[in-house]
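Asker: Can you look at this prediction? I've put the sequence above it.
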Amino acid sequence: MSQQLFNLSGRVAVVMGGTSGIGRALALGLAEAGADVVSTGRRTTLVNEVGDEIEKLGRKALRHPVDASSRKSIDALRDAVLQKFGRADILLNSAGQNFRKPTNDVTEDEWNGIMDVNVTGILRACQSFYEPLLASRRGRIINIASLTSFVGFFEITPYAASKSAVLGLTRNLAIEWAPKGINVNAIA
């Protein structure tokens with residue numbers, strides 16, 4: 001029963017930040033459920049490693065590094081996905097950065113860097129993959145939020161603020177895009 005419930009055969013999943021940590025684990029989980037998976041990040045060696053693991057699970061992979069802080073890079077990824085697979089059904093946004101530092105010492109450049117990757121990077125990916133997800137007629141977006149979306153932790157204010165913003169972005173995309181057939185959720 002659970003095999004059928006979580007069967008993703010015939011679907012194509014794109015995992016931003018899918019080469020380490022939670023993103024990597026989820027990318028492999030999607031492949032185990034039957035999806036072909038594009039697990040991507042900035043480091044080519046890690047992109048290749050995860051691609052190998054996906055193929056060992058009997059699924060197709062695409063090895064294409066991406067920089068979440070660059071719309072051009074994300075659009076190039078989207079184009080490569082569509083060229084190879086002809087579709088994108090699932091977008092999982094797991095790319096993120098964090099550092100620990102007293103808030104009064106955080107520079108604006110550090111703050112903006114975290115926001116650019118953790119929040120604007122998700123917006124870029126959602127916008128870039130909007131049309132393919134819409135065409136899928138069963139598009140799914142999963143954004144990785146955090147416990148810090150709900151509670152405070154010591155000396156990680158930029159990260160906590162960014163993950164709170166991810167939750168707000170997710171809520172609003174869910175309302176706006178659900179009538180169009182794109183389901184948007186966050187995991188914290």
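Answerer: Cool, got the structure.
Asker: Check which helices and strands the longest helix along the chain sits against.
Answerer: Ranked by number of residues, the top helix in the chain under DSSP state H is helix 157-177. In terms of contacts (3 or more CB pairs under 8 Å, 6 or more residues apart in numbering; DSSP states H and E), helix 157-177 is packed against helix 108-115, helix 121-136, strand 139-144, strand 182-187. Where C-beta positions appear, they are placed from N, C-alpha and C, glycine not excepted.
Asker: Residue 62 contacts residue 79, correct?
Answerer: No: using CB atoms under 8 Å, residue 62 is not in contact with residue 79, being 11.3 Å away.
Asker: neighbour count winner among those two?
Answerer: Ranked by neighbour count (other CB atoms under 10 Å), residue 62 and residue 79 place residue 62 first, with 20 against 12.
Asker: low pLDDT regions in the chain?
Answerer: 1-4 (pLDDT under 70).
Asker: rewinding a little: can you tell me what sits against the longest helix of the chain?
Answerer: By CB atoms under 8 Å, 6 or more residues apart in numbering, the surrounding residues in contact with helix 157-177 are 96-99, 103, 106, 110-111, 114-115, 118-119, 122-123, 126, 130, 139, 141, 143-146, 148-149, 152-153, 182-186, 188.
Asker: re the thing from before, please identify the deepest-packed of the helices and strands packed on helix 157-177.
Answerer: Mean neighbour count (mean count of other CB atoms under 10 Å) peaks for strand 139-144 among those, with a mean of 22.
Asker: Report the backbone C-alpha coordinates of that one in PDB.
Answerer: Listed next in PDB are the C-alpha coordinates belonging to strand 139-144 (Å, rounded to 0.1, in the frame of the first residue of the first chain):
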ATOM      1  CA  GLY A 139       3.300  20.600 -10.100                       C
ATOM      2  CA  ARG A 140       4.600  20.400  -6.600                       C
ATOM      3  CA  ILE A 141       6.900  22.800  -4.800                       C
ATOM      4  CA  ILE A 142       8.500  21.900  -1.500                       C
ATOM      5  CA  ASN A 143      10.500  24.600   0.300                       C
ATOM      6  CA  ILE A 144      12.700  23.800   3.200                       C
END
